[in-house]
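Q: Based on what follows, work out the 3D shape:
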Amino acid sequence: MRELKILHIDTGRVWRGGQAQLLALARALRERGHIQTIAAPAGTPLAMRARSEGFPVVAPRMRDVRRCAAEGGVQIVHSHSARGQNLAWAATVGMEVIRVASRLVAFEPRHPRVHKWKYAFTCEGVIAASEAVASVLRKCGVPDERIEVIEAGVDIPGELPHRERARFGLADEHFVLGHAGAFTREKGQDVLLKAFLLLLGKAPEARLLLAGAGPLAEAPDIQGLIQASGGRAVWLGEMEDMGAFYAALDLYVMPSRSEGWGLAALEAMAYGIPVAASRVGGLERIVEEGLTGWHVPPDDPPALAEAILDARSDRARLRRMGALARARAERFSSARAAERTEAFYVRLMRRKHSMIDVKT
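A: Residues are numbered from 1 along each chain as shown. The predicted model follows:
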């Protein structure tokens, strides 16, 4: 496989699943011998982490993107956010590059016709994070031949980190739940907190760690639910050391109302943690009911509470499920996602070149 020159674009200013996916993909593509630059806002977690890992970083401005693409001989411009896709198209109009867009969310767009135009005419191909995401694209009229389902992968830790619960104020006898993600309505942190309050009467040793930031993190209803737990639910804010976070848990909870894929659940599984998840989007594929975790209806605190109590009821079974969860996560590695992404890039390049040959 010959070397490709790739420019990734992301305009997000916080660290979420999309930024984690981009950086994991870039690492794996670098292992496959490709040259990459990342366009991300200065001072953002993505820009700082990318630079610390040796990736060139440029500002996501039209003149910088166009200069980078032209002077760097870029062949692939891969946008990882909606605004990034707009920028990729506007900055490279008239250039002989392949534009690829990643679509991560599975909720219905407010303007399907705009959605169709955006994904059918401003890029050569769309990477859908799951079949649920691809289904939404098709409903909007995006041609099926432009869509490729590539499930995002995670880096599998070679060795599991040592459990250090004391740093979180926890003891070995506690039954520890965890959740990490952007605090938005779609992620359902309120559902988890309501379920947690429901189960405390039967599981007084339960504890809940919440990591992440977002528009609802400090909302009165979220903070009120946390306070109602009497100190047994703790909001940690954004975490740098996610390995230590996962190592402290007995069960990871993904209470999403909508989910394109569910990378955080997969990351927890890579650390050997079973998952209780809503039956939505990619989570139905990631989590195997009864083997690596539990499925519950979305937006249903009583059902989620029952699933958590079932997990708590048999610790030996929970450990066996954790081992199966880690093995399951290995099937969705970053290396595999990069291999499929590379193949999609090459297929799009060949398709475009064949079309040029036909026209000439």
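Q: contacts and neighbour counts: CA atoms only from here.
A: Noted.
Q: Tell me what residue 76 is bridged to.
A: Following DSSP bridges, residue 76 is listed with bridge partners residue 6, residue 98.
Q: For it, the count of nearby residues, please.
A: Residue 76 has 22 neighbours, counted by other C-alpha atoms under 10 Å.
Q: was I right about it contacting residue 96?
A: No - look at residue 76 against residue 96 with C-alpha atoms under 8 Å: they stay out of range, at 9.4 Å.
Q: ok, which stretches of this structure are strands?
A: Here the chain has its strands, by DSSP state E, at 5-9, 35-39, 57-58, 76-79, 98-103, 125-128, 147-149, 175-180, 206-211, 233-237, 251-254, 275-278, 293-296.
Q: for the last one, packing partners?
A: In this case it means strand 293-296. Applying 3 or more C-alpha pairs under 8 Å, 6 or more residues apart in numbering; DSSP states H and E, one finds that strand 293-296 contacts strand 275-278, helix 301-312.
Q: ok, and which of those has the densest surroundings?
A: Each of the helices and strands packed on strand 293-296 was assessed for mean neighbour count using mean count of other C-alpha atoms under 10 Å. The highest is strand 275-278, with a mean of 28.
Q: Give me the distance from that one to the chain's centre.
A: 15 Å (C-alpha atoms, centre = their mean, to the nearest Å).
Q: Ok, stretch 312-319 next?
A: 27 Å.
Q: Then stretch 22-34?
A: 16 Å.
Q: In a markdown table: the helices and strands packed on strand 293-296, plus mean pLDDT and distance to residue 191.
A: Below are the helices and strands packed on strand 293-296 laid out as a markdown table (pLDDT from 0 to 100; distance: least, C-alpha to C-alpha, whole Å):
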| stretch | mean pLDDT | distance to residue 191 |
| --- | --- | --- |
| strand 275-278 | 98 | 10 |
| helix 301-312 | 98 | 5 |
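Q: and the strands of the chain as TSV, adding distance to residue 324?
A: Listed next are the strands of the chain as TSV, based on distance: least, C-alpha to C-alpha, whole Å:
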stretch	distance to residue 324
strand 5-9	34
strand 35-39	35
strand 57-58	38
strand 76-79	34
strand 98-103	29
strand 125-128	26
strand 147-149	25
strand 175-180	18
strand 206-211	23
strand 233-237	28
strand 251-254	13
strand 275-278	11
strand 293-296	9
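Q: out of those strands, which comes closest to residue 344?
A: Nearest of the strands of the chain to residue 344, taken as C-alpha to C-alpha: strand 147-149 at 7.5 Å.
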